[in-house]
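Q: What follows is a predicted structure for the sequence shown.
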Amino acid sequence: MKGKVMFQGTASNVGKSIISAGICRIFAQDGYKVAPFKPQNMALNSYITDEGLEMGRAQVFQAEAAGISPKADMNPILLKPCGNHISQVIVRGKLVGKMHSSEYNEYKLKLIDVLKETFLDLENEYDVIVMEGAGSCAEINLKERDISNMGMAEIADSPVILVSDIDRGGVFASIVGTLSLLDEKERKRVKGVIINKFRGKKEYFSDGVKMLEDIIKIPVLGVVPYSDIKIEDEDSVTNRFKKKSIKNDINIEVIRTPHMSNFTDFNIFETQNDVNLRYIDFGESIGNPDMIIIPGSKNTIKDLEYIKESGLDEQIKEFNRRGKLIVGICGGYQMMGKKIIDNDGIESDILEVDGLGLLNIETEFIDQKRTVQTEKFIASNMNGYLKDVSNKYVKGYEIHMGITYSDDYENLYKEEADEKKCIIGCVNKEGNVFGTYIHGVFDEIDFTRTLLNTIREKKGLEPVKSEVKSFKEFKMKEYDKLADLLRENLDIEKIYKICGLEIK
């Protein structure tokens, strides 16, 4: 049997990605071969597949939940905002170019054939496709050129389940209003409604569910309680940045720049019970952390300017003078060098800008994106904070348009015979500052826990073992928790019928 369903939302951040992941997990647990699909995604968090193709991370964790390897065709269109209404347009994992929103609005109709082809390919390979819409499905001003929500549901001839977030308030109005803005043909596709992020006793809400069903004449498939299951967020609207600091043995602070990307690099720290992770927002100062991280960036030069204009650069340099640990990932790594050169205007009209001067490197932007999975071993004879991670294994992926070079530098990784001219990672001689192009560098528990224990040692604390032996294993357990949560609170039998499947 072949099945399909599309989860659409009354708004952004209502939990479509998480619900889709949980349903993928349930189908996989029940013996179906299932794949996620999102026609168009706009996000700064992306991933590189085994084939070197780029895709949004939401479909990556959905694929993980489904027990399969992620493929770029699961997210055939990815838009990565660069600022000023301009985005990188990535189609089937490859960069097409940068487009203004008005230009893309015309171009995207040419992509309908891409959506048809990729969806059909997946449908032929898998038993069931779990699709996810984008934002609100009732943006009437965008309906004519919609390929993200009802437009895709029509291409796939798929039933739709509407997801709404009760935590933000106004759940009845959002559901009724959304359905009223759909035309009759679109409304007929909506076979059920899910109310997400409920806080409180559900029995007190049963009357509300009955009243809503009487109005919309569509079944409410369940009310999903708010949970703290640790699964990736899709984009920067995440509540992760709003978490208040707590007192812990190790405090890590991440500079939240305006164009920060791939903040999923730091999810691993949430699995370590002795670590508190804080994002330094606009107008805030660096506190007294044990580690500062400068994250990846979709616009390195503008984010570097932000760091300088906000005075964070001097605070970072003072942190370095105190010998504290500073880490840069991708764009953050580029900022750590002496200079960034952009003669071809890849990112801006500024031809050259001084970096933070923490590492003896320079970066030059070129009009060619490097997208590749990368495995490395930390170099031997490291010192400072890196003294115990010598020869440790790390793995991740690279997404960058710059080449970093130097005539005199300390390599973070062991040299290889076929090493490219670009320096993938660099460390200062004192061993308290290092940068790398590898996203996901912290995902290897052995490397990260050893580094954290060195911090503990410097603070006079005893080392601790990670309760999480493998980040992958940890995520699999969280997907199982999510599936259990949905099975308990949704009418899974009805969802099977909506998808056109039978429970095995």
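A: Thanks, I have it.
Q: drop to CA atoms for contacts and neighbour counts, all remaining ones
A: OK.
Q: what about the helices in the stretch 1-150 of the chain?
A: Using DSSP state H, counting those that start in this stretch, the helices of the stretch 1-150 of the chain run over residues 16-29, 57-66, 101-107, 112-125, 150-156.
Q: Quick one: distance of the fourth one to the chain centre.
A: With CA atoms, centre = their mean, to the nearest Å as the basis, the distance from the averaged C-alpha position of helix 112-125 to the chain average is 24 Å.
Q: for the helices of the stretch 1-150 of the chain, which one sits closest to Thr450?
A: helix 57-66 (26.2 Å; CA to CA).
Q: how big is the angle separating the closest one from helix 16-29?
A: 20 degrees (axes from the mean of the first three to the mean of the last three CA atoms, to 10 degrees).
Q: and helix 57-66, how far out from the chain's middle?
A: Taking mean C-alpha positions (CA atoms, centre = their mean), helix 57-66 and its chain are 10 Å apart.
Q: hang on, the earlier thing: I'd like the helices of the stretch 1-150 of the chain laid out as CSV, including mean pLDDT, distance to Met335 and mean neighbour count.
A: Conversion of these to CSV gives the following (pLDDT from 0 to 100; distance: least, CA to CA, whole Å; neighbours: other CA atoms under 10 Å):
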stretch, mean pLDDT, distance to Met335, mean neighbour count
helix 16-29, 97, 32, 24
helix 57-66, 96, 24, 26
helix 101-107, 93, 28, 12
helix 112-125, 97, 37, 16
helix 150-156, 97, 40, 20
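Q: Take those and write them to JSON lines, including distance to Glu478.
A: Below are the helices of the stretch 1-150 of the chain laid out as JSON lines (distance: least, CA to CA, whole Å):
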{"stretch": "helix 16-29", "distance to Glu478": "10"}
{"stretch": "helix 57-66", "distance to Glu478": "9"}
{"stretch": "helix 101-107", "distance to Glu478": "37"}
{"stretch": "helix 112-125", "distance to Glu478": "26"}
{"stretch": "helix 150-156", "distance to Glu478": "29"}
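Q: So which of these is nearest Ala134?
A: helix 16-29 (8.4 Å).
Q: Can you get me a residue count around Gly323?
A: 15 (other CA atoms under 10 Å).
Q: and it, helix, strand or coil?
A: coil (DSSP: H, G, I helix; E, B strand; the rest coil).
Q: Quick one: closest of the helices of the stretch 1-150 of the chain to Gly200.
A: Of all the helices of the stretch 1-150 of the chain, helix 16-29 comes closest under CA to CA, at 19.5 Å.
Q: returning to that earlier point: and Asn262, which of the helices of the stretch 1-150 of the chain is closest to it?
A: Per CA to CA, nearest to Asn262 of these: helix 57-66, 8.9 Å.
Q: List the contacts of the closest one.
A: 17, 20-22, 24-25, 27-28, 33-38, 45-47, 69-70, 74-75, 231-234, 476, 479 (CA atoms under 8 Å, 6 or more residues apart in numbering).
Q: cool, and stretch 80-98?
A: With CA under 8 Å, 6+ apart, stretch 80-98 has contacts from 42-44, 52-55, 72-73, 75-79, 99-101, 259, 298-299, 369.
Q: Please indicate which of those residues are buried?
A: 42-44, 52-55, 72-73, 75-79, 99-100, 259, 298-299 (16 or more other CA atoms under 10 Å).
Q: where exactly do the strands run in the stretch 101-250 of the chain?
A: 128-136, 160-165, 190-198, 220-225, 250-255 (DSSP state E, counting those that start in this stretch).
Q: The next helix-or-strand element following the last one - contacts with which helices or strands?
A: Of the helices and strands lying after strand 250-255 in sequence (DSSP states H and E), the nearest is strand 260-261. For strand 260-261, the packing partners by 3 or more CA pairs under 8 Å, 6 or more residues apart in numbering; DSSP states H and E come out as strand 296-297.
Q: first to last residue in stretch 132-142, what's the distance?
A: 17 Å (CA to CA, to the nearest Å).
Q: Run the chain-centre distance for that stretch.
A: 21 Å.
Q: and for it, what are the contacting residues?
A: 6-13, 16-17, 20, 36-41, 148-150, 178-179, 181-182.
Q: Next one, pLDDT for Leu111 please.
A: Listed pLDDT for Leu111 reads 96.
Q: repeat for Ile346
A: 82.
Q: isn't there a helix covering it?
A: No - if the criterion is three-state DSSP, then Ile346 is coil and not within a helix.
Q: Tell me the spacing between Lys429 and Tyr409.
A: 9 Å.
Q: now the lengthiest helix in the chain: mean pLDDT?
A: The longest helix of the chain (DSSP state H) is helix 471-489. On average, the pLDDT along helix 471-489 is 96.
Q: by how many degrees do it and helix 57-66 diverge?
A: 80 degrees.
Q: can you pull the buried residues of helix 471-489?
A: For helix 471-489, by 16+ other CA under 10 Å, it's 471, 475-476, 478-483, 485-487.
Q: could I get it in PDB with only the CA atoms?
A: Output in PDB follows, covering the C-alpha atoms of helix 471-489 (Å, rounded to 0.1, in the frame of the first residue of the first chain):
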ATOM      1  CA  PHE A 471      24.600  11.600  20.300                       C
ATOM      2  CA  LYS A 472      23.000   9.400  17.600                       C
ATOM      3  CA  GLU A 473      21.800   7.000  20.200                       C
ATOM      4  CA  PHE A 474      20.500   9.900  22.300                       C
ATOM      5  CA  LYS A 475      18.500  11.200  19.400                       C
ATOM      6  CA  MET A 476      17.000   7.800  18.600                       C
ATOM      7  CA  LYS A 477      15.700   7.600  22.200                       C
ATOM      8  CA  GLU A 478      14.200  11.100  21.900                       C
ATOM      9  CA  TYR A 479      12.400  10.100  18.700                       C
ATOM     10  CA  ASP A 480      11.000   7.100  20.500                       C
ATOM     11  CA  LYS A 481       9.800   9.400  23.300                       C
ATOM     12  CA  LEU A 482       8.100  11.600  20.700                       C
ATOM     13  CA  ALA A 483       6.400   8.600  19.100                       C
ATOM     14  CA  ASP A 484       5.100   7.500  22.500                       C
ATOM     15  CA  LEU A 485       3.800  11.000  23.200                       C
ATOM     16  CA  LEU A 486       1.900  11.100  19.900                       C
ATOM     17  CA  ARG A 487       0.500   7.600  20.300                       C
ATOM     18  CA  GLU A 488      -0.800   8.500  23.700                       C
ATOM     19  CA  ASN A 489      -2.400  11.800  22.600                       C
END
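Q: how far out from the middle of the chain is that helix?
A: With CA atoms, centre = their mean, you get 18 Å for helix 471-489.
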